[in-house]
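Trainee: A predicted structure for the sequence below; I have some questions about it.
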Amino acid sequence: MRFAFALLWLLRLLPMSVIGLLATLLGRLAYLLAGERRRVGMINLGLCFPEMSDTEKRRLLKAHFAYMIRMVLEYGVCWWSDARRIDNLVTIKNLHIVEELRAKGEDIILFYPHFVGFEMCVFALNQHLPLVSVYSQQKNDTLDEQIYKGRQRYNNAFIVPRKDGLRPIVKAMRKDHTPFLYLPDQDFGARDSVFVKFFNTEAATITGLSRISQLAKARVVPTIARRVGNRFELEFYPAWENFPSADVVADTRRMNAFLEDRIREIPEQYFWLHKRFKTRPEGEPRVY
């Protein structure tokens with residue numbers, strides 16, 4: 001693992017365009033070798049985009065593998081490059097939405113789905129805003145230490161272990177109205193989840209966005225990270241009105257519907273290799 005970190009440290013010295021070329025080559029290799037992940041990606045795309053031909057799905061998935069490899073290769077930039085370099089790589093759009101809410105004394109949840117630009121963009125954002133985030137401990141101690149240290153590089157992030165529950169999150173949010181960066185768009189199992197449509201298929205989806213918003217009396221601001229060539233764009237959308245509602249299932253479906261629209265804009269940049277439909281309603285067969 002330390003050799004891998006040393007390699008990432010060296011790669012950060014390269015121009016972003018060169019890292020991109022290397023990721024394209026390694027992405028092609030990963031697509032060929034990672035048969036199980038390729039299978040998962042094809043199943044996910046088939047469920048979400050049934051109108052796509054197999055050729056179109058393979059083309060999209062090849063592009064996605066390259067994006068995922070590139071994200072990994074750029075961790076060295078996130079962790080060790082000068083903060084000004086990171087800030088200059090990311091164009092932040094509509095930051096005033098969050099700044100104005102904080103100025104009014106509002107607490108904020110940033111709904112931040114899993115697109116391939118999410119790591120670089122959050123390292124840029126954390127230079128402008130303090131953030132609260134949830135952290136899941138990694139199995140490898142060396143990797144766990146480095147990820148945790150990297151996310152604390154600006155001493156401007158309040159990281160709450162996932163196992164600690166909601167109260168520490170809400171407490172951290174209320175300190176200076178610090179935005180909570182929340183990524184609830186993966187399959188975390190049946191506990192605390194409801195089955196709502198994600199594209200065309202019922203998906204176990206956690207209700208945390210609605211529940212935390214209600215508990216903290218916080219506004220939800222959708223926030224999307226995009227890769228644009230060798231750069232990135234982080235866009236804030238207007239805070240949702242009438243959220244949460246009295247219907248947690250409707251709130252959760254609203255979250256998925258917004259995400260679907262953004263995925264259609266940049267489908268190759270969403271996390272297709274995750275087993276999003278692993279948890280099934282009772283009696284339904286396994287998808288994977």
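Mentor: In hand now; what should we look at?
Trainee: So for stretch 260-271, what gets flagged as buried?
Mentor: 262, 263, 266, 267, 268, 269, 270, 271 (16 or more other Cβ atoms under 10 Å). All C-beta spots, glycine's among them, are computed from the backbone N, C-alpha and C.
Trainee: what does it rub up against?
Mentor: 48-49, 60, 63-64, 67-68, 113-117, 186, 198-199, 222, 224, 226-227 (Cβ atoms under 8 Å, 6 or more residues apart in numbering).
Trainee: just to revisit the earlier point, could you dump the buried residues of stretch 260-271 to TSV with distance to residue 17 and pLDDT?
Mentor: Output for the buried residues of stretch 260-271, formatted as TSV (distance: Cβ to Cβ, whole Å; pLDDT from 0 to 100):
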residue	distance to residue 17	pLDDT
262	26	98
263	26	98
266	20	98
267	23	98
268	18	98
269	18	98
270	23	98
271	24	98
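Trainee: In helices only, show me the contacts of stretch 260-271.
Mentor: 48, 60, 63, 64, 67, 68 (DSSP state H).
Trainee: List only those of the residues you listed flagged as buried.
Mentor: For those, a burial check counting by 16+ other Cβ under 10 Å picks out 48, 60, 63, 64, 67, 68.
Trainee: which strand is the longest one in the protein?
Mentor: strand 218-228 (DSSP state E).
Trainee: Mind listing the strands that one pairs with, and their directions?
Mentor: strand 107-111 (parallel), strand 231-236 (antiparallel) (DSSP bridges).
Trainee: Buried ones in stretch 144-159, by neighbour count?
Mentor: For stretch 144-159, by 16+ other Cβ under 10 Å, it's 146, 147, 150, 151, 153, 157, 158.
Trainee: on that earlier part again, mean pLDDT, mean neighbour count and distance to residue 14 for the strands paired with strand 218-228 - can I get that in TSV?
Mentor: Listed next are the strands paired with strand 218-228 as TSV, based on pLDDT from 0 to 100; neighbours: other Cβ atoms under 10 Å; distance: least, Cβ to Cβ, whole Å:
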stretch	mean pLDDT	mean neighbour count	distance to residue 14
strand 107-111	97	24	30
strand 231-236	98	19	15
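Trainee: could I get the ones you listed as TSV with distance to residue 23?
Mentor: Converted to TSV, the strands paired with strand 218-228 look like this (distance: least, Cβ to Cβ, whole Å):
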stretch	distance to residue 23
strand 107-111	27
strand 231-236	14
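Trainee: for the ones you listed, which one sits closest to residue 97?
Mentor: With Cβ to Cβ, the closest approach to residue 97 among those belongs to strand 231-236: 4.7 Å.
Trainee: ok, and what's touching the helix or strand of the chain with the lowest mean pLDDT?
Mentor: When the helices and strands of the chain are compared on mean pLDDT, DSSP states H and E, helix 141-151 comes out lowest with a mean of 78. For helix 141-151, contacts defined as Cβ under 8 Å, 6+ apart pick out 1, 2, 5, 75, 78, 79, 133, 135, 137, 138, 157, 159.
Trainee: What's the local residue count around residue 283?
Mentor: 5 (other Cβ atoms under 10 Å).
Trainee: For it, give its distance to residue 195.
Mentor: 12 Å (Cβ to Cβ, to the nearest Å).
Trainee: same check, this time on residue 260
Mentor: 16 Å.
Trainee: Could you report the pLDDT at residue 164?
Mentor: Residue 164 carries a pLDDT value of 76.
Trainee: what's the distance between it and residue 137?
Mentor: From residue 164 to residue 137 the distance is 11 Å (Cβ to Cβ).
Trainee: swap in residue 15?
Mentor: From residue 15 to residue 137 the distance is 34 Å (Cβ to Cβ).
Trainee: What lies in contact with stretch 229-238?
Mentor: Residues from elsewhere that reach stretch 229-238 (Cβ under 8 Å, 6+ apart): 15-17, 20, 89-95, 97-98, 110, 117, 120-121, 124-125, 221-226.
Trainee: Give me the buried entries from those.
Mentor: By 16+ other Cβ under 10 Å, the contacts of stretch 229-238 give 16, 20, 89-90, 92, 97-98, 110, 117, 120-121, 124-125, 221-226 as buried.
Trainee: Just give me the neighbour total for residue 255.
Mentor: 26.
Trainee: list the contacts for it?
Mentor: 111, 184, 185, 205, 209, 210.
Trainee: Next one: it from residue 153, what distance?
Mentor: Residue 255 is 30 Å from residue 153, by Cβ to Cβ.
Trainee: what's the answer for residue 118, then?
Mentor: As judged by Cβ to Cβ, residue 118 and residue 153 stand 16 Å apart.
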